[in-house]
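Asks: From the sequence below, what's the structure:
(chains A and B)
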Amino acid sequence: MGTRPTGQPSLASLFTSFVSIGMMSFGGGLAAWTRREVVQKRGWLDDKQFLSGYALSQLVPGATNVNLAVFIGTQMRGTAGAIACFCGLTALPLAIVVLAGFLYLHSQTQAGAAWISGALGGMGAVAIGLNLGTGVRLARRNITGVIPIVITAIVTLSIGVFGFSLVHVLLVMMPVSLLAAWLTR
Amino acid sequence: MSLVLLQLIGLFAGLSMLAFGGGAGVIPDMQRATVDHYHWLTAREFLDMFAISRAAPGPGSLIVVLIGLKAAGMAGAAVSFAAMFAPSCLAVHLVARYWHRAARSAWRAVVERALAPVAVGLTFASGLSLMRGTEHGWLPWGVTIISTALFSLTEINPILLLGLGAGALLLVGP
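Replies: Now for the predicted structure:
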């Protein structure tokens, strides 16, 4: 594996680094925190290694930031490192989400349910906006040219407006997009 | 093992391998399966859980833990977590071992360029299908549009935005 012989971090320091990344990243922006910790503070990766890992984390299915943690762990310490980074990133958030879930499901039968429902409704409306805003940010940086814009629009409308299933859209649009990228390389 | 646990595992393990471009892309399918097909939760509960998972620290994919909790208690939460993360983590672990060999290959650049528009489209689609799936009144519409604009144009803290959204609907009423 492509690990560096010198300065190999311990499993404990990988774990604690990713515990702090997981907890600092309220509301998204995990990648920015990961870069800060792993490149700037610890110096485990340089910027180029980080960016190629980030690209790979987006190519492989799954949550990008969880993939990035597994990628960095694998690069540093193999399978054990991947497990250390994954557990560090998800352990505390998992506990918090389970606790929030119990409170939420319990609150539905309580007197304050309408109050909580209003607050969650507002947060839900913002959360949708965060998704759409992320799309706008990604599009500004990565989508240039007529063909990529058309592909983006078809995927958006077919699933988001017309309700086609993800599998069907991917089966059609991935080959189309690959062909377009290959022909315009 | 109960039928619901097996259904949770089957659903989330499948979605785990389809979640190209991050976790948000599978939200429409997740919504359809858990609300319309299995009837584990209502559309409103799905949006509530989506909001909780975005407000909590960590990856948004943790929404599967909330769905599992509602559908089958703690066992449901546990199997949903494992099913959602194990397949994709295994995949990235295996690919990470071979990634650097492909660093300068032509196919890697082509695949990267091909995935970008699909991933961006999936991100937009997840927002749109969440709006379609719930009764989105004029106030939530306004909040969604304003937060989309603020989040794409400024460096505003997402947690602050979530708090403002909660406050707006509490003041005016849902």
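
Asks: Could you pull up the mean pLDDT of the helix ranked longest in chain A?
Replies: For chain A, the helix that runs over the most residues, judged by DSSP state H, is helix A:64-107. Average pLDDT, helix A:64-107: 92.

Asks: Can you give me the buried ones in the helix or strand that comes right after that helix?
Replies: Using DSSP states H and E, the next helix or strand after helix A:64-107 towards the C-terminus is helix A:113-142. If you call a residue buried by 16 or more other CB atoms under 10 Å in any protein chain shown, then helix A:113-142 has these buried ones: A:116-136, A:138-139, A:142. C-beta: built from backbone N, CA, C; applies to glycine.

Asks: tell me what helix A:113-142 is packed against?
Replies: helix A:64-107, helix B:43-55, helix B:106-133, helix B:138-153, helix B:158-172 (3 or more CB pairs under 8 Å, 6 or more residues apart in numbering or on different chains; DSSP states H and E).

Asks: Any idea how far the last one is from the middle of the chain?
Replies: Centroid displacement of helix B:158-172 relative to its chain, using CA atoms, centre = their mean, to the nearest Å, is 20 Å.

Asks: by how many degrees do that helix and helix B:138-153 diverge?
Replies: Angle between the axes of helix B:158-172 and helix B:138-153 is 160 degrees (criterion: axes from the mean of the first three to the mean of the last three CA atoms, to 10 degrees).

Asks: Can you point out the buried residues in helix B:158-172?
Replies: B:Pro158, B:Ile159, B:Leu161, B:Leu162, B:Gly163, B:Leu164, B:Gly165, B:Ala166, B:Ala168, B:Leu169, B:Leu170.

Asks: so where's the chain uncertain?
Replies: Just so you know, I chose chain A. Across chain A, the ranges flagged by pLDDT under 70 are A:1-7, A:25-30, A:111.

Asks: wrong chain, I was asking about chain B
Replies: Within chain B, the ranges that satisfy pLDDT under 70 run B:1, B:21, B:99-104, B:133-135, B:173-174.

Asks: Closest to the centroid, which residue in it?
Replies: B:Ala24 (3.7 Å; CA atoms, centre = their mean).

Asks: For the residue lying closest to that residue once chain neighbours are set aside, the count of nearby residues, please.
Replies: Leaving aside its sequence neighbours, B:Ala24 sits nearest to B:Ser126 (CB to CB, 6 or more residues apart in numbering or on different chains; 4.3 Å). B:Ser126: 31 surrounding residues under other CB atoms under 10 Å in any protein chain shown.

Asks: ok, now how distant is B:Ser126 from A:Leu138?
Replies: 12 Å (CB to CB, to the nearest Å).

Asks: Check A:Pro93 too.
Replies: A:Pro93 is 23 Å from A:Leu138, by CB to CB.

Asks: do B:Leu160 as well
Replies: Between B:Leu160 and A:Leu138 the computed distance is 22 Å (CB to CB).

Asks: same question, A:Val98
Replies: Distance, A:Val98 to A:Leu138, by CB to CB: 30 Å.

Asks: now swap in B:Ala91 and tell me
Replies: On the measure of CB to CB, B:Ala91 and A:Leu138 end up 22 Å apart.

Asks: hang on, A:Ala55 packs against B:Glu112?
Replies: Yes: the criterion here is CB atoms under 8 Å, and A:Ala55 meets it with B:Glu112 at 5.9 Å.
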